[in-house]
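# what shape does this take:
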Amino acid sequence: MAKILIVDDAASMRQQIAFVLETNGHQVLMGQDGLDGLEILKQNNDIDLVISDIRMPRMEGIPMIKKMRNDVRFRNLPIIILSTKGDNTLIQQAKELGASGWMVKPFNPPQLLNIINKVLSKIAASKSG
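Take a look at the predicted model:
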């Protein structure tokens, strides 16, 4: 399956997402904010997907996405935003920066897995075709 990085400042949210992903065969790495996320990305060149919150301390999701998109190593790495309903403007901004999808917290595990599978399928199709 996929190696997925979860970036969220809420430990409980990271654990919930990790449980769902690991139960479904994915390998999970976790960071508590954008700075952690970028550092984990730099240390692991085999991450297939990033799931990130928008609102976090030290570095929020939007600046993290900008830095990812400005780095050739992460320019095409899929990003799924998992954020609160009140963040519609930020979600739109993330989409414009190249986020692959988004979900609203609290998340629905089957829906999250469905989005992940769709994103990973698109990537697999683009690599094989």
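
# which regions of this structure lie under the pLDDT threshold?
Applying pLDDT under 70 to the chain picks out residues 86, 129.

# run the last query once more with 90
Applying pLDDT under 90 to the chain flags residues 1, 83-95, 98, 100-107, 120-129.

# mind listing the strands for the chain?
Assigned by DSSP state E, the strands in the chain fall at 3-7, 27-31, 49-52, 79-83, 101-104.

# who touches K3 in this structure?
Neighbour list for K3: 26-29, 44, 46-49 [criterion: C-beta atoms under 8 Å, 6 or more residues apart in numbering]. For every residue, glycine as well, the C-beta is placed using N, CA and C.

# can you redo the residues you listed as a markdown table with neighbour count and distance to P78?
Shown next, in a markdown table, are those (neighbours: other C-beta atoms under 10 Å; distance: C-beta to C-beta, whole Å):
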| residue | neighbour count | distance to P78 |
| --- | --- | --- |
| H26 | 18 | 13 |
| Q27 | 16 | 16 |
| V28 | 18 | 15 |
| L29 | 18 | 15 |
| N44 | 12 | 15 |
| D46 | 7 | 14 |
| I47 | 19 | 10 |
| D48 | 18 | 8 |
| L49 | 22 | 5 |
